[in-house]
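**Student:** fold the following.
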Amino acid sequence: MVVCDSYGDVPMFDLARIRVAMGNASLKVQEEADFVTTSVTEDGLAYAIEKFILKK
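**Tutor:** Model prediction:
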């Protein structure tokens with residue numbers, strides 16, 4: 001899983017099975033992602049980890 005919030009991070013998406021954009025990322029980043037999580041201020045990274053890595 002790769003989580004991005006900046007367009008400069010998007011090339012990392014090529015290395016991931018799950019491509020996640022932060023909710024506060026630009027629309028271009030969100031369009032490249034498989035899933036858009038909540039924003040940084042809403043613990044978006046933790047939400048994505050719980051959803052895809054720690055899922056039951």
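
**Student:** could you use CA atoms for every contact and neighbour count after this?
**Tutor:** Fine.

**Student:** from the centroid of the chain, which residue is nearest?
**Tutor:** V20 (2.2 Å; CA atoms, centre = their mean).

**Student:** residues contacting the residue lying closest to A25 once chain neighbours are set aside?
**Tutor:** Using CA to CA, 6 or more residues apart in numbering and skipping residues adjacent in sequence, the residue nearest A25 is D5, 4.5 Å away. Contact analysis of D5 by CA atoms under 8 Å, 6 or more residues apart in numbering lists 21-26, 29.

**Student:** same thing with R17?
**Tutor:** M1.

**Student:** S39 is in contact with G23, correct?
**Tutor:** Yes: with contact defined as CA atoms under 8 Å, G23 counts as touching S39 (4.1 Å).

**Student:** thinking again about what came up before, please give the element, helix or strand, for the residue nearest to the centre of the chain.
**Tutor:** If you go by DSSP states H and E, V20 is part of strand 19-21.

**Student:** and the next helix or strand past that strand?
**Tutor:** Strand 19-21 is succeeded, C-terminally, by helix 27-32 (DSSP H and E).

**Student:** then that following helix to CSV, C-alphas only?
**Tutor:** What follows is helix 27-32, C-alpha atoms only, in CSV (Å, rounded to 0.1, in the frame of the first residue of the first chain):
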residue,chain,number,x,y,z
LEU,A,27,-7.8,16.1,-7.4
LYS,A,28,-5.1,14.9,-9.7
VAL,A,29,-3.6,12.7,-6.9
GLN,A,30,-7.1,11.5,-5.9
GLU,A,31,-7.9,10.5,-9.5
GLU,A,32,-4.7,8.3,-9.6
